[in-house]
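Chemist: This is the structure alone, sequence omitted:
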């Protein structure tokens, strides 16, 4: 069952925002058995929206719009769909009541713009949006379906989860797609591809393989349309067993989860605790760890020691070490790790120190030089890395590598 | 001059990754005077790629592909373009030498897959990619241009900045588009729209207005195609002056910059320093502050006090306060702020404490309850917020609100 997503908004096409909605929608649709054929982003422009809709309806059974339904003048999706479906706007008392309640809860007054959100196309099924002023509109076009949703991510997510996907499943009863994702560490993408080339070439046609690499981790994803559930699942399981035989411990988990979730799972199981001492990552390691719900059970906290003064006064790094080796050194990374282990009385620590850039590099330690230490009070592992010239990339890579180093430790320990 | 972006990869359409490339490309193209008409994401599928290319060429002069040119079997963009342009693959010794050098620097060996990256279409101009194994291919089709680039963000960015945009500018000499962005605080989007409705209705047709809201900040963006540079610029300036008259201090800056950049600018100018004490934001405030290059000049560090133990032992919050008022309270947020002011000897502090969710809420303090304190050793401001049920959203909103509260303080102080 094929779906297309069309996201509307000038802000996407001039690069003012990143369209994160589509990826979330695609993942949810996939889980529910729908295949997303194409994602299209167009301007707030009637002609463009209409042409994108017509093209999408040629390829797919379902077209999902997000965005362009705010109360301001630049938003024209509602009018465009009215014209396309030869529909007219009518006042909807139920939608008006929803908006009234929403504004009351937010202690805001109704104004003519928010009121105009209660004008809805008469040929659409109107679906409540209790957390925003724009309702969801659902048009049937023969056997096909066109839905318009808000672009605000949490409004769209609520609508998809509780309204759109259940209704689509009821109407189309799609075949599920089975995915199996393996996370592989320790191989560059091309080396991994060669290592498993014979296996890949012998894969049955019904199974599709994709590679996705995030710096030091390659995700291998096997997908198949579920025909006979147990047969499809058995074939995927069989292929995964073969892969495990080839790759052994390089497969760190047989699930599509993040490193921080995986680390958290091990810590939770062992009842151990964690803290971080961060210089160049500036809190990003702690942030990634704490995006995981329930992380407070094992994560006690972090000291972001951006200045040397904090490294000394809070983490107890000796001034002599800083003078002798510099802030970006094995010695300082290890001392930061032992400092935080003691300060926060935790079992495991991560410490990062490096030159994120764009300034601060020297001939000896250019931008991108990073030391990471991980360990316990009994033993520390530290490694030096030479990442890139890009500040953002250096922060992200250091974080990703630090989590992988910790994972190796908690798995073995 | 119109451009379309086509991003290729199954991982985008199953929602495994967010396409961040397009937004970055669109912003850069816009600055260089190109308008992005449409962004399309398609599968690694010859038919889909070809159809998307044909449709794009009907609308635009330039089509930019990213992705699908890795060395693994699932990547088929190169072959698809060869077939489309009736081109054949030839071995390129210069590309081979590039790959050899790259692998040598990374201490990796050449293998048959990386070697295959040196096979390039004979009808394309081949542009070096010194930081990856896949070269960039540039096809001319009459007056139009089709370019295929890597999907790896830093490889694509380098190619765009140093090769593609300069070449496109030379070939097409586009008219620049002038943008002016104002950041407005303190108005919900619809209230702002009403406040400026008369002004908006009187805008000349040549100026396009867009609203973009990120929680507590609305960005107003005025755009116009540069006709006569000084005339266009004067007209935009005149309109901005009128807006300033209407909105006064609600306009916090007349530039498209982030709150953390703006805060940093004020701190740098005043020579003041900052630290954060974070509970529910888990390091995200520090992370946003340290994404700004040069932030080490004013940001000393942070204590992420995820557990009460750390709030007490590191930040000096009294156990009696925690018992009497709970960790999520005005008293504790203010004590965290004064604790970090003292511990890190800084001029300004931000402190956050809240229930990010999904668990941990009570009737009295449901998920989404957050206290934020900002201030100096002489005075603290603290406010309570009731955000959402979504963990990620609560972390982001708390961070955004904390930065805005600090901004108000550093502007006035």
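Modeler: That came through, no problem. The shown structure was predicted, so the numbers you read here are calculated from the model rather than taken from an experiment.
Chemist: In the helix or strand bottoming out on mean pLDDT in chain A, which residues are buried?
Modeler: Each helix and strand of chain A was given a mean pLDDT (mean pLDDT, DSSP states H and E); the minimum falls on strand A:208-214 at a mean of 80. By neighbour count on 16 or more other C-beta atoms under 10 Å in any protein chain shown, the buried set for strand A:208-214 is A:208, A:209, A:210, A:211, A:212, A:213. Bear in mind the C-beta positions are built from the backbone N, C-alpha and C, glycine included.
Chemist: what does it contact?
Modeler: A:189, A:192-193, A:200, A:203, A:218-224, A:400, B:10-11, B:16-17, B:44, B:70, B:72-74 (C-beta atoms under 8 Å, 6 or more residues apart in numbering or on different chains).
Chemist: The helix or strand harbouring residue A:383 pairs with which strands, parallel or anti?
Modeler: Assigned by DSSP states H and E, residue A:383 belongs to strand A:380-386. Neighbouring strands of strand A:380-386 in its sheet, by DSSP bridges, are strand A:369-375 (antiparallel).
Chemist: What's the mean pLDDT across the strand it pairs with?
Modeler: Throughout strand A:369-375, pLDDT has a mean value of 97.
Chemist: Spell out which residues of the stretch 301-413 of chain A are next to chain B.
Modeler: Selection of the stretch 301-413 of chain A residues close to chain B by C-beta under 8 Å from any C-beta of the partner chain yields A:301-307, A:309-310, A:313-314, A:343-345, A:356-360, A:388, A:390-393, A:395.
Chemist: give me that answer again for 10 Å
Modeler: A:301-311, A:313-315, A:343-346, A:356-360, A:386, A:388-393, A:395, A:399 (C-beta under 10 Å from any C-beta of the partner chain).
Chemist: Inside helices: which ones of the residues you listed?
Modeler: Counting by DSSP state H, those place A:308, A:309, A:310, A:311, A:313, A:343, A:391, A:392, A:393, A:395, A:399 in helices.
Chemist: Not counting its neighbours along the chain, what's nearest the second one?
Modeler: Across the structure, with C-beta to C-beta, 6 or more residues apart in numbering or on different chains as the measure, the residue nearest residue A:309 apart from its sequence neighbours is residue B:300 (6.8 Å).
Chemist: OK, contacts around the one you found?
Modeler: With contact taken as C-beta atoms under 10 Å, 6 or more residues apart in numbering or on different chains, residue B:300 is in contact with A:304-310, A:313-314, B:273-276, B:340, B:343-347.
Chemist: Near residue A:24, how many residues? Count them for me, please.
Modeler: 16 (other C-beta atoms under 10 Å in any protein chain shown).
Chemist: Who are the contact partners of it?
Modeler: Residue A:24 touches A:153, A:156, A:157, A:160, B:15, B:18, counting by C-beta under 10 Å, 6+ apart.
Chemist: and the two most separated of those residues?
Modeler: A:160 and B:18 (16.0 Å; C-beta to C-beta).
Chemist: who's more crowded, the two?
Modeler: When neighbours are counted by other C-beta under 10 Å, residue A:160 and residue B:18 differ, and residue A:160 comes out ahead with 23 against 17.
Chemist: re the thing from before, just give me the least confident of the ones in helices among the residues of the stretch 301-413 of chain A next to chain B.
Modeler: For pLDDT, the smallest value among those belongs to residue A:393: 86.
Chemist: and that one, how many neighbours?
Modeler: There are 18 residues near residue A:393, going by other C-beta under 10 Å.
Chemist: Distance of it relative to residue A:45?
Modeler: Noted for residue A:393: a distance of 35 Å to residue A:45, by C-beta to C-beta, to the nearest Å.
Chemist: again, but for residue A:263
Modeler: From residue A:263 to residue A:45 the distance is 46 Å (C-beta to C-beta).
Chemist: more neighbours, those two?
Modeler: It is residue A:263, of residue A:263 and residue A:45, that has more neighbours when counted by other C-beta under 10 Å, with 26 against 17.
Chemist: State the number of residues packed around residue A:224.
Modeler: By other C-beta under 10 Å, the residues close to residue A:224 number 21.
Chemist: show me what contacts it?
Modeler: Residues touching residue A:224, when contacts are defined by C-beta under 10 Å, 6+ apart, comprise A:176-180, A:204-208, A:231-233, A:235-236, A:239.
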